[in-house]
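# fold the following.
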Amino acid sequence: EMILGDWSSDVCSSDLDEVREVYADWCEEQGDLPRARFIRVQLERARRDRWDARQVALEVAERALLEAHGATWLGEVADVPGVTWTGFERGFVARAEAESFGALVKGHDALARAAPLHHVTTPWPTSEREAAGARAMATLRGLRIERAIIVPEEPFWLAVSPLLSTLTELALVDGYADAPGTHALLTSPHLRGLRELSLARHLVGREGVVALVEADLPELIALQLEERGFTDDSWSHWEGGLDVPAMEKLARWPGLARIRRLDLSGNRLEPEGFEALFESEHFTAVESLKLQYVYAMLAEIPWGSAPGALRLKALDVGDSSVWHEAAEVLAEASCLAELRQLDLPRAQAEEATALPTLLAGGLAKTLQVLDLGEFDSLEAPVVDALVGADLPQLHTLRLGSAHDVGDGDVERLVGWRHLGHLRSLAIAGKSIGSGTARALAAAPLDQLERLQVRGLPEDARALLRETPIGQRLLPTGGLELLAHPQRGW
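Alright, predicted model coming up:
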(Lines give C-alpha, C1' and ligand atoms only; values in the text may rest on other atoms or scores of the structure.)
Protein backbone atom coordinates (compact mmCIF):
# COMPACT_ATOMS: atom_id res chain seq x y z
CA GLU A 1 0.00 0.00 0.00
CA MET A 2 2.84 2.39 0.76
CA ILE A 3 4.53 1.45 -2.52
CA LEU A 4 1.35 2.15 -4.46
CA GLY A 5 0.94 5.48 -2.71
CA ASP A 6 -2.27 4.69 -0.83
CA TRP A 7 -1.86 6.32 2.58
CA SER A 8 -5.40 5.79 3.80
CA SER A 9 -4.85 2.41 5.46
CA ASP A 10 -4.14 1.87 9.15
CA VAL A 11 -0.70 0.48 8.30
CA CYS A 12 0.34 3.53 6.31
CA SER A 13 -1.03 5.97 8.87
CA SER A 14 0.75 4.18 11.68
CA ASP A 15 3.10 6.21 13.88
CA LEU A 16 5.32 3.15 14.29
CA ASP A 17 8.86 3.77 13.10
CA GLU A 18 9.17 0.10 12.18
CA VAL A 19 6.74 0.59 9.29
CA ARG A 20 8.83 3.44 7.91
CA GLU A 21 12.04 1.45 8.35
CA VAL A 22 10.57 -1.37 6.29
CA TYR A 23 9.72 1.11 3.54
CA ALA A 24 13.28 2.50 3.70
CA ASP A 25 14.61 -1.04 3.22
CA TRP A 26 12.36 -1.46 0.18
CA CYS A 27 13.56 1.85 -1.28
CA GLU A 28 17.14 0.69 -0.89
CA GLU A 29 16.35 -2.63 -2.60
CA GLN A 30 14.86 -0.67 -5.52
CA GLY A 31 17.99 1.47 -5.81
CA ASP A 32 16.47 4.63 -4.34
CA LEU A 33 19.32 5.18 -1.91
CA PRO A 34 18.69 8.91 -1.24
CA ARG A 35 15.12 8.31 -0.13
CA ALA A 36 16.13 5.36 2.03
CA ARG A 37 18.88 7.43 3.62
CA PHE A 38 16.53 10.38 4.20
CA ILE A 39 13.91 8.25 5.98
CA ARG A 40 16.53 6.72 8.26
CA VAL A 41 18.14 10.10 9.03
CA GLN A 42 14.86 11.73 10.01
CA LEU A 43 13.85 8.72 12.12
CA GLU A 44 17.17 8.87 13.94
CA ARG A 45 16.90 12.62 14.52
CA ALA A 46 13.43 12.20 16.00
CA ARG A 47 14.74 9.67 18.53
CA ARG A 48 17.57 11.86 19.84
CA ASP A 49 17.64 14.92 22.09
CA ARG A 50 18.41 18.13 20.24
CA TRP A 51 21.70 18.55 22.13
CA ASP A 52 22.89 15.05 21.21
CA ALA A 53 26.25 15.21 19.39
CA ARG A 54 24.98 12.89 16.64
CA GLN A 55 22.43 15.52 15.66
CA VAL A 56 25.16 17.54 13.92
CA ALA A 57 26.01 14.97 11.26
CA LEU A 58 22.36 13.93 10.94
CA GLU A 59 21.23 17.52 10.38
CA VAL A 60 23.93 18.08 7.76
CA ALA A 61 22.87 14.92 5.93
CA GLU A 62 19.19 15.84 6.18
CA ARG A 63 19.76 19.31 4.74
CA ALA A 64 21.91 18.00 1.89
CA LEU A 65 19.30 15.40 0.93
CA LEU A 66 16.51 17.99 1.05
CA GLU A 67 18.46 20.42 -1.11
CA ALA A 68 19.11 17.69 -3.67
CA HIS A 69 15.75 15.88 -3.66
CA GLY A 70 13.23 17.71 -1.46
CA ALA A 71 11.47 19.59 -4.25
CA THR A 72 11.16 16.40 -6.30
CA TRP A 73 9.73 14.41 -3.40
CA LEU A 74 7.21 17.15 -2.58
CA GLY A 75 6.24 17.30 -6.25
CA GLU A 76 5.42 13.59 -6.31
CA VAL A 77 2.56 14.06 -3.85
CA ALA A 78 -0.86 14.58 -5.41
CA ASP A 79 -2.08 18.16 -5.57
CA VAL A 80 -5.00 19.11 -3.33
CA PRO A 81 -6.78 22.37 -4.23
CA GLY A 82 -6.08 25.11 -1.71
CA VAL A 83 -3.42 23.08 0.13
CA THR A 84 0.37 23.30 -0.29
CA TRP A 85 2.66 20.52 0.86
CA THR A 86 5.50 22.12 2.81
CA GLY A 87 7.64 19.57 4.63
CA PHE A 88 8.55 16.16 5.90
CA GLU A 89 8.37 14.25 9.15
CA ARG A 90 10.19 11.03 9.94
CA GLY A 91 10.97 10.50 6.28
CA PHE A 92 7.63 11.22 4.62
CA VAL A 93 5.81 14.26 3.27
CA ALA A 94 3.67 15.13 6.28
CA ARG A 95 3.31 18.91 6.60
CA ALA A 96 0.99 21.20 4.70
CA GLU A 97 -0.51 24.67 4.72
CA ALA A 98 -4.15 25.32 3.81
CA GLU A 99 -5.14 28.68 2.33
CA SER A 100 -8.46 28.45 4.19
CA PHE A 101 -10.13 26.20 6.72
CA GLY A 102 -12.66 25.35 4.02
CA ALA A 103 -9.89 24.02 1.77
CA LEU A 104 -8.84 21.68 4.57
CA VAL A 105 -12.42 20.46 4.99
CA LYS A 106 -13.05 19.98 1.26
CA GLY A 107 -9.72 18.25 0.72
CA HIS A 108 -10.20 15.71 3.51
CA ASP A 109 -10.43 12.59 1.33
CA ALA A 110 -7.79 13.71 -1.16
CA LEU A 111 -5.37 14.54 1.65
CA ALA A 112 -5.90 11.14 3.23
CA ARG A 113 -4.97 9.42 -0.04
CA ALA A 114 -2.05 11.68 -0.92
CA ALA A 115 0.25 11.50 2.13
CA PRO A 116 0.30 10.80 5.86
CA LEU A 117 -0.60 14.37 6.84
CA HIS A 118 0.67 14.97 10.39
CA HIS A 119 0.77 18.77 10.73
CA VAL A 120 -1.27 21.45 9.02
CA THR A 121 -1.34 25.23 9.28
CA THR A 122 -4.66 26.90 8.51
CA PRO A 123 -6.58 30.13 9.13
CA TRP A 124 -9.43 30.14 11.61
CA PRO A 125 -12.78 28.93 10.14
CA THR A 126 -14.89 31.74 8.76
CA SER A 127 -18.24 30.29 9.85
CA GLU A 128 -19.79 27.73 12.15
CA ARG A 129 -20.93 25.77 9.12
CA GLU A 130 -17.39 25.60 7.75
CA ALA A 131 -16.07 24.34 11.11
CA ALA A 132 -18.86 21.81 11.45
CA GLY A 133 -17.84 20.15 8.19
CA ALA A 134 -14.43 19.13 9.52
CA ARG A 135 -13.99 15.42 10.09
CA ALA A 136 -11.32 13.52 12.00
CA MET A 137 -8.15 12.75 10.04
CA ALA A 138 -6.49 9.51 11.12
CA THR A 139 -2.92 10.72 10.59
CA LEU A 140 -3.28 14.32 11.81
CA ARG A 141 -1.30 15.10 14.97
CA GLY A 142 -0.65 18.84 14.81
CA LEU A 143 -2.87 21.84 14.05
CA ARG A 144 -1.52 25.40 13.87
CA ILE A 145 -3.82 28.41 13.51
CA GLU A 146 -2.19 31.81 13.02
CA ARG A 147 -3.37 35.40 13.38
CA ALA A 148 -6.87 34.54 14.55
CA ILE A 149 -8.76 37.30 16.36
CA ILE A 150 -11.53 35.13 17.75
CA VAL A 151 -14.85 36.71 18.78
CA PRO A 152 -16.72 35.23 21.76
CA GLU A 153 -18.87 32.61 20.06
CA GLU A 154 -16.29 31.34 17.56
CA PRO A 155 -14.12 29.07 19.80
CA PHE A 156 -17.10 26.82 20.33
CA TRP A 157 -17.14 26.10 16.60
CA LEU A 158 -13.81 24.31 16.77
CA ALA A 159 -14.12 22.93 20.30
CA VAL A 160 -16.80 20.45 19.18
CA SER A 161 -15.05 19.48 15.95
CA PRO A 162 -13.89 15.86 15.54
CA LEU A 163 -10.85 17.31 13.72
CA LEU A 164 -9.30 17.83 17.18
CA SER A 165 -9.76 14.22 18.23
CA THR A 166 -6.44 12.91 16.88
CA LEU A 167 -4.30 15.90 17.86
CA THR A 168 -1.26 15.71 20.07
CA GLU A 169 -0.14 19.28 19.22
CA LEU A 170 -2.21 22.47 19.04
CA ALA A 171 -0.85 25.96 18.35
CA LEU A 172 -2.86 29.19 18.39
CA VAL A 173 -0.28 31.82 17.46
CA ASP A 174 -0.32 35.62 17.02
CA GLY A 175 -4.00 35.98 17.79
CA TYR A 176 -6.46 36.49 20.58
CA ALA A 177 -9.41 34.73 22.18
CA ASP A 178 -11.28 35.97 25.23
CA ALA A 179 -11.39 33.98 28.46
CA PRO A 180 -14.62 32.04 27.73
CA GLY A 181 -13.32 31.21 24.27
CA THR A 182 -9.98 29.96 25.55
CA HIS A 183 -11.81 27.93 28.18
CA ALA A 184 -14.12 26.42 25.54
CA LEU A 185 -11.19 25.32 23.39
CA LEU A 186 -8.99 23.92 26.13
CA THR A 187 -11.82 22.01 27.79
CA SER A 188 -12.86 20.34 24.55
CA PRO A 189 -13.28 16.57 25.15
CA HIS A 190 -11.40 16.01 21.90
CA LEU A 191 -8.13 17.36 23.35
CA ARG A 192 -7.51 14.87 26.15
CA GLY A 193 -4.65 13.37 24.15
CA LEU A 194 -2.90 16.73 23.68
CA ARG A 195 0.84 16.63 24.47
CA GLU A 196 2.01 20.04 23.21
CA LEU A 197 0.13 23.33 23.49
CA SER A 198 1.30 26.69 22.15
CA LEU A 199 -0.54 29.91 22.90
CA ALA A 200 2.40 32.02 21.72
CA ARG A 201 1.75 35.74 21.42
CA HIS A 202 -1.91 35.09 22.13
CA LEU A 203 -2.43 37.46 25.09
CA VAL A 204 -3.35 34.60 27.39
CA GLY A 205 -3.41 36.61 30.61
CA ARG A 206 -4.74 35.53 33.99
CA GLU A 207 -8.04 34.20 32.68
CA GLY A 208 -6.27 32.13 30.07
CA VAL A 209 -4.20 30.46 32.78
CA VAL A 210 -7.40 29.75 34.70
CA ALA A 211 -8.79 28.04 31.59
CA LEU A 212 -5.58 26.05 31.25
CA VAL A 213 -5.51 24.74 34.80
CA GLU A 214 -9.19 23.81 34.62
CA ALA A 215 -8.77 21.86 31.39
CA ASP A 216 -8.43 18.08 31.43
CA LEU A 217 -5.12 17.61 29.61
CA PRO A 218 -3.56 14.57 31.28
CA GLU A 219 -0.95 14.00 28.52
CA LEU A 220 0.35 17.58 28.24
CA ILE A 221 4.17 17.80 28.46
CA ALA A 222 5.04 20.96 26.48
CA LEU A 223 3.61 24.44 27.09
CA GLN A 224 4.45 27.64 25.22
CA LEU A 225 3.07 30.87 26.68
CA GLU A 226 5.46 33.27 24.97
CA GLU A 227 4.32 36.87 24.54
CA ARG A 228 5.57 39.64 22.30
CA GLY A 229 7.81 41.43 24.80
CA PHE A 230 8.29 45.19 24.95
CA THR A 231 10.97 47.75 25.58
CA ASP A 232 11.39 49.10 29.09
CA ASP A 233 9.45 52.25 28.16
CA SER A 234 6.40 50.30 27.06
CA TRP A 235 6.04 47.81 29.89
CA SER A 236 3.59 50.15 31.58
CA HIS A 237 1.26 49.83 28.57
CA TRP A 238 1.56 46.06 28.46
CA GLU A 239 -1.58 43.97 28.84
CA GLY A 240 -2.67 40.43 28.19
CA GLY A 241 0.43 38.40 29.09
CA LEU A 242 1.26 36.64 32.32
CA ASP A 243 1.66 38.63 35.52
CA VAL A 244 2.32 37.66 39.12
CA PRO A 245 -1.22 36.38 39.91
CA ALA A 246 -1.17 34.34 36.70
CA MET A 247 2.18 32.80 37.64
CA GLU A 248 0.91 32.01 41.13
CA LYS A 249 -2.05 30.22 39.57
CA LEU A 250 0.22 28.31 37.21
CA ALA A 251 2.55 27.35 40.06
CA ARG A 252 -0.33 25.80 42.02
CA TRP A 253 -1.47 23.74 39.03
CA PRO A 254 -0.80 20.00 39.59
CA GLY A 255 -0.44 19.57 35.83
CA LEU A 256 2.81 21.56 36.01
CA ALA A 257 4.42 18.41 37.40
CA ARG A 258 4.07 16.80 33.94
CA ILE A 259 5.48 19.70 31.89
CA ARG A 260 8.91 18.99 30.41
CA ARG A 261 9.23 21.97 28.04
CA LEU A 262 8.12 25.45 29.18
CA ASP A 263 8.40 28.78 27.34
CA LEU A 264 7.51 31.98 29.24
CA SER A 265 9.44 34.43 27.04
CA GLY A 266 8.26 37.99 26.62
CA ASN A 267 6.04 38.12 29.69
CA ARG A 268 6.31 40.78 32.38
CA LEU A 269 7.36 38.33 35.04
CA GLU A 270 8.28 40.22 38.17
CA PRO A 271 10.60 38.53 40.71
CA GLU A 272 7.52 37.54 42.74
CA GLY A 273 6.18 35.59 39.77
CA PHE A 274 9.39 33.64 39.45
CA GLU A 275 9.40 32.98 43.18
CA ALA A 276 5.98 31.36 42.86
CA LEU A 277 7.19 29.18 39.99
CA PHE A 278 10.57 28.11 41.36
CA GLU A 279 9.21 27.41 44.83
CA SER A 280 6.30 25.34 43.51
CA GLU A 281 6.28 21.69 44.55
CA HIS A 282 5.05 20.91 41.02
CA PHE A 283 7.99 22.53 39.22
CA THR A 284 10.01 19.32 39.02
CA ALA A 285 9.81 17.80 35.52
CA VAL A 286 10.81 20.71 33.26
CA GLU A 287 13.88 19.87 31.18
CA SER A 288 13.79 22.77 28.73
CA LEU A 289 13.09 26.32 29.94
CA LYS A 290 12.94 29.39 27.69
CA LEU A 291 12.98 32.85 29.29
CA GLN A 292 13.92 35.29 26.55
CA TYR A 293 13.34 39.04 27.16
CA VAL A 294 11.51 38.64 30.46
CA TYR A 295 11.11 41.71 32.65
CA ALA A 296 12.91 40.36 35.72
CA MET A 297 16.71 40.42 35.91
CA LEU A 298 18.40 37.02 35.83
CA ALA A 299 19.82 37.61 39.30
CA GLU A 300 16.29 38.18 40.62
CA ILE A 301 15.17 34.70 39.58
CA PRO A 302 15.48 32.34 42.57
CA TRP A 303 17.41 29.59 40.78
CA GLY A 304 18.52 28.13 44.09
CA SER A 305 14.93 27.77 45.38
CA ALA A 306 13.90 25.20 42.78
CA PRO A 307 12.80 21.79 44.04
CA GLY A 308 15.66 19.34 44.39
CA ALA A 309 14.22 17.13 41.65
CA LEU A 310 14.42 19.89 39.01
CA ARG A 311 17.27 19.30 36.57
CA LEU A 312 17.16 21.50 33.49
CA LYS A 313 18.79 20.13 30.35
CA ALA A 314 18.28 23.22 28.15
CA LEU A 315 18.05 26.90 29.14
CA ASP A 316 17.45 29.84 26.81
CA VAL A 317 17.88 33.29 28.39
CA GLY A 318 18.52 35.27 25.22
CA ASP A 319 17.92 39.01 25.11
CA SER A 320 18.88 39.24 28.79
CA SER A 321 21.37 41.31 30.76
CA VAL A 322 24.00 39.14 32.45
CA TRP A 323 25.61 40.79 35.46
CA HIS A 324 28.37 39.23 37.56
CA GLU A 325 25.91 38.45 40.36
CA ALA A 326 23.57 36.61 37.97
CA ALA A 327 26.51 34.70 36.47
CA GLU A 328 27.57 33.51 39.92
CA VAL A 329 24.08 32.27 40.75
CA LEU A 330 23.58 30.53 37.40
CA ALA A 331 27.03 28.94 37.43
CA GLU A 332 26.38 27.01 40.63
CA ALA A 333 22.60 26.53 40.67
CA SER A 334 21.79 22.89 41.47
CA CYS A 335 18.93 22.88 38.95
CA LEU A 336 21.54 23.54 36.21
CA ALA A 337 24.00 20.86 37.34
CA GLU A 338 23.08 18.65 34.37
CA LEU A 339 22.61 21.41 31.78
CA ARG A 340 23.33 20.30 28.21
CA GLN A 341 22.38 23.38 26.17
CA LEU A 342 22.73 27.07 27.04
CA ASP A 343 21.39 29.68 24.63
CA LEU A 344 22.40 33.32 25.14
CA PRO A 345 21.55 34.90 21.76
CA ARG A 346 21.53 38.70 21.80
CA ALA A 347 22.26 38.67 25.53
CA GLN A 348 24.55 41.28 27.03
CA ALA A 349 27.32 40.92 29.59
CA GLU A 350 27.12 44.09 31.69
CA GLU A 351 30.44 43.47 33.48
CA ALA A 352 33.77 42.13 32.24
CA THR A 353 33.67 39.25 34.73
CA ALA A 354 30.13 38.09 33.91
CA LEU A 355 30.74 35.64 31.05
CA PRO A 356 34.01 34.17 32.45
CA THR A 357 32.24 33.60 35.78
CA LEU A 358 29.32 31.89 34.10
CA LEU A 359 31.57 29.59 32.07
CA ALA A 360 33.76 28.77 35.07
CA GLY A 361 30.91 27.27 37.09
CA GLY A 362 29.64 23.77 37.53
CA LEU A 363 27.27 23.96 34.57
CA ALA A 364 30.28 24.18 32.22
CA LYS A 365 31.21 20.56 32.95
CA THR A 366 28.11 19.12 31.28
CA LEU A 367 27.47 21.74 28.59
CA GLN A 368 27.30 20.33 25.04
CA VAL A 369 25.74 23.21 23.05
CA LEU A 370 26.54 26.90 23.63
CA ASP A 371 24.89 29.70 21.64
CA LEU A 372 26.64 33.07 21.91
CA GLY A 373 25.18 34.41 18.67
CA GLU A 374 25.18 38.23 18.64
CA PHE A 375 26.27 38.16 22.29
CA ASP A 376 27.24 41.62 23.48
CA SER A 377 30.15 41.91 25.87
CA LEU A 378 30.75 45.57 26.59
CA GLU A 379 33.94 45.39 28.59
CA ALA A 380 35.73 42.19 27.51
CA PRO A 381 35.85 40.28 24.21
CA VAL A 382 33.62 37.21 24.09
CA VAL A 383 36.46 35.08 22.73
CA ASP A 384 38.67 35.90 25.71
CA ALA A 385 36.04 34.53 28.08
CA LEU A 386 35.57 31.47 25.92
CA VAL A 387 39.22 30.44 25.51
CA GLY A 388 39.68 30.61 29.27
CA ALA A 389 36.78 28.25 29.91
CA ASP A 390 36.91 24.51 30.52
CA LEU A 391 34.06 22.99 28.51
CA PRO A 392 35.09 19.34 28.08
CA GLN A 393 31.80 18.08 26.59
CA LEU A 394 31.05 20.98 24.25
CA HIS A 395 30.45 19.89 20.66
CA THR A 396 28.47 22.83 19.21
CA LEU A 397 29.44 26.50 19.44
CA ARG A 398 27.76 29.52 17.87
CA LEU A 399 29.86 32.66 18.20
CA GLY A 400 29.03 36.23 17.26
CA SER A 401 29.00 39.67 18.82
CA ALA A 402 26.93 42.81 18.60
CA HIS A 403 30.27 44.63 18.75
CA ASP A 404 31.72 42.46 15.96
CA VAL A 405 34.11 39.53 15.64
CA GLY A 406 37.31 39.98 13.65
CA ASP A 407 40.25 37.95 12.36
CA GLY A 408 42.14 38.45 15.63
CA ASP A 409 39.28 36.93 17.62
CA VAL A 410 39.22 33.85 15.40
CA GLU A 411 43.00 33.51 15.62
CA ARG A 412 42.77 33.50 19.43
CA LEU A 413 39.92 30.97 19.29
CA VAL A 414 42.14 28.59 17.33
CA GLY A 415 44.37 28.30 20.38
CA TRP A 416 41.53 27.08 22.61
CA ARG A 417 42.26 23.61 23.95
CA HIS A 418 38.73 22.33 23.39
CA LEU A 419 38.42 23.46 19.77
CA GLY A 420 39.41 20.03 18.49
CA HIS A 421 36.38 18.44 20.18
CA LEU A 422 33.84 20.54 18.30
CA ARG A 423 31.52 18.97 15.75
CA SER A 424 29.75 22.19 14.81
CA LEU A 425 31.16 25.73 14.73
CA ALA A 426 29.33 28.86 13.60
CA ILE A 427 31.10 32.24 13.46
CA ALA A 428 29.62 35.59 12.44
CA GLY A 429 31.42 38.92 12.11
CA LYS A 430 31.64 42.07 10.02
CA SER A 431 35.44 42.30 10.18
CA ILE A 432 36.49 38.76 9.34
CA GLY A 433 38.41 38.02 6.16
CA SER A 434 41.33 36.02 4.81
CA GLY A 435 42.90 35.90 8.28
CA THR A 436 39.89 33.94 9.52
CA ALA A 437 40.13 31.54 6.56
CA ARG A 438 43.82 30.89 7.22
CA ALA A 439 43.26 30.49 10.97
CA LEU A 440 40.49 27.92 10.44
CA ALA A 441 42.63 26.07 7.89
CA ALA A 442 45.37 25.69 10.50
CA ALA A 443 43.02 24.80 13.37
CA PRO A 444 42.73 21.25 14.80
CA LEU A 445 39.20 20.62 13.52
CA ASP A 446 39.39 16.91 12.73
CA GLN A 447 36.09 16.20 14.51
CA LEU A 448 34.21 19.06 12.84
CA GLU A 449 31.17 18.06 10.78
CA ARG A 450 29.66 21.49 10.16
CA LEU A 451 31.31 24.89 9.73
CA GLN A 452 29.26 28.03 9.17
CA VAL A 453 30.99 31.37 8.68
CA ARG A 454 28.94 34.53 8.10
CA GLY A 455 30.39 37.80 6.94
CA LEU A 456 33.33 36.57 4.83
CA PRO A 457 34.10 38.51 1.64
CA GLU A 458 34.19 36.51 -1.57
CA ASP A 459 38.00 36.17 -1.73
CA ALA A 460 38.10 34.76 1.81
CA ARG A 461 35.24 32.36 1.01
CA ALA A 462 37.11 31.11 -2.04
CA LEU A 463 40.26 30.65 0.06
CA LEU A 464 38.41 28.69 2.75
CA ARG A 465 36.79 26.39 0.18
CA GLU A 466 40.26 25.36 -1.02
CA THR A 467 41.63 24.58 2.44
CA PRO A 468 41.70 20.98 3.76
CA ILE A 469 38.76 21.65 6.10
CA GLY A 470 36.80 23.19 3.23
CA GLN A 471 37.56 20.30 0.89
CA ARG A 472 36.51 17.80 3.55
CA LEU A 473 33.20 19.45 4.40
CA LEU A 474 32.07 20.65 0.95
CA PRO A 475 31.04 17.20 -0.39
CA THR A 476 28.89 16.48 2.68
CA GLY A 477 27.17 19.87 2.73
CA GLY A 478 28.85 20.68 6.03
CA LEU A 479 30.41 23.96 4.84
CA GLU A 480 28.21 27.07 4.83
CA LEU A 481 29.78 30.37 3.83
CA LEU A 482 27.50 33.40 3.86
CA ALA A 483 28.34 36.95 2.88
CA HIS A 484 25.93 38.74 5.21
CA PRO A 485 26.83 38.49 8.92
CA GLN A 486 23.20 38.73 10.09
CA ARG A 487 21.48 36.20 7.81
CA GLY A 488 21.14 32.44 7.89
CA TRP A 489 22.06 31.89 11.53
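
# what segments of the stretch 101-250 of the chain are strands?
With DSSP state E, counting those that start in this stretch as the criterion, the stretch 101-250 of the chain has strands at 119-122, 142-146, 149-150, 169-173, 176-177, 196-198, 222-224.

# Lys313: which of those is closest?
Using Cβ to Cβ as the measure, strand 222-224 is the one of those that comes nearest Lys313, at 13.6 Å. For glycine as for every other residue, the C-beta is placed from the backbone atoms N, C-alpha and C.

# in the chain, where's the longest helix?
As far as residue count goes, and with DSSP state H defining each element, the longest helix of the chain is helix 33-47.

# show me the helices in the stretch 1-150 of the chain, by range?
Listed from the start of the chain, the stretch 1-150 of the chain has helices (DSSP state H, counting those that start in this stretch) covering 17-29, 33-47, 54-65, 71-75, 101-106, 108-114, 128-132.

# just those: most buried one?
Comparing those by mean neighbour count (mean count of other Cβ atoms under 10 Å), helix 101-106 ranks first with a mean of 22.

# and stretch 125-136, what's its mean pLDDT?
Regarding stretch 125-136, the rounded mean pLDDT is 87.

# also stretch 274-288?
What stretch 274-288 shows for mean pLDDT is 95.

# need the distance between the two termini of that stretch.
16 Å (Cα to Cα, to the nearest Å).

# how about stretch 399-411?
Stretch 399-411 stretches 13 Å from its first residue to its last (Cα to Cα).

# quick check: mean pLDDT across that stretch?
Per-residue confidence for stretch 399-411 averages out to 80 on the pLDDT scale.

# touching, Glu300 and Phe274? I think so.
Yes: under the criterion of Cβ atoms under 8 Å, Glu300 is in contact with Phe274, at a separation of 7.0 Å.

# the more surrounded of those two?
The residue with more neighbours, out of Glu300 and Phe274, is Phe274; 22 against 17, by other Cβ atoms under 10 Å.

# which residues are in contact with that one?
By Cβ atoms under 8 Å, 6 or more residues apart in numbering, Phe274 lies in contact with 247, 296, 300-302.

# could you double-check that Lys350 sits in contact with Val322?
Wrong residue type there; residue 350 is Glu, not Lys. Yes: with the criterion set as Cβ under 8 Å, Glu350 and Val322 qualify as a contacting pair; they are 6.6 Å apart.

# of these two, who's got more company?
Taking Glu350 and Val322 together and counting by other Cβ under 10 Å, Val322 has the greater number of neighbours (25 against 18).

# all the helices of the stretch 201-350 of the chain, residue numbers only.
Across the stretch 201-350 of the chain, reading from the start of the chain, the helices by DSSP H, counting those that start in this stretch fall at 205-214, 244-252, 271-278, 324-332.

# now the longest one against helix 244-252, angle please.
For helix 205-214 against helix 244-252, the angle between stretch directions is 10 degrees (axes from the mean of the first three to the mean of the last three Cα atoms, to 10 degrees).

# which other helices and strands contact helix 205-214?
Counting contacts by 3 or more Cβ pairs under 8 Å, 6 or more residues apart in numbering; DSSP states H and E, helix 205-214 is packed against helix 179-186, helix 244-252.

# how far away from the center of its chain is it?
In terms of Cα atoms, centre = their mean, to the nearest Å, the centre of helix 205-214 is set 24 Å apart from its chain centre.

# could you do the shortest one as well?
Average the C-alpha atoms of helix 271-278, do the same for its chain, and the two points are 24 Å apart (Cα atoms, centre = their mean).

# in it, what counts as buried?
Of the residues in helix 271-278, those scored as buried under the neighbour-count criterion (16 or more other Cβ atoms under 10 Å) are 273-278.

# which of those residues sits closest to Leu482?
Within the buried residues of helix 271-278, distances to Leu482 taken as Cβ to Cβ reach their minimum at Phe274, with 37.6 Å.

# from Val83, how far off is Glu97?
Using Cβ to Cβ, to the nearest Å, we find Glu97 at a distance of 7 Å from Val83.

# which of those two has more neighbours?
In this view Glu97 and Val83 are compared by other Cβ under 10 Å, and Val83 has more residues nearby, 22 against 19.

# contacts only, for that one.
Under the criterion of Cβ under 8 Å, 6+ apart, the contact list for Val83 reads 96-99, 103-104, 107, 111, 120.

# and these, which two are the farthest apart?
Put simply, by Cβ to Cβ the two of these set farthest apart are Glu99 and Leu111, 13.6 Å from each other.

# dump the contacts of Val83 into TSV; add pLDDT and distance to Leu43 as well.
Converted to TSV, the contacts of Val83 look like this (pLDDT from 0 to 100; distance: Cβ to Cβ, whole Å):
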residue	pLDDT	distance to Leu43
Ala96	97	21
Glu97	97	24
Ala98	97	27
Glu99	96	31
Ala103	95	30
Leu104	95	27
Gly107	95	27
Leu111	93	23
Val120	97	22
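
# and which of the residues you listed is nearest to Thr139?
For these, the residue nearest Thr139 by Cβ to Cβ is Leu111; the value is 8.8 Å.

# give the contact list for the closest one.
Residues touching Leu111, when contacts are defined by Cβ under 8 Å, 6+ apart, comprise 80, 83, 96, 104, 117, 137.

# same check on Leu422?
Leu422 neighbours (Cβ under 8 Å, 6+ apart): 394-397, 445, 447-448.

# just the buried subset of those residues, please.
For the contacts of Leu422, a neighbour count by 16+ other Cβ under 10 Å gives the buried set as 394-397, 445, 448.
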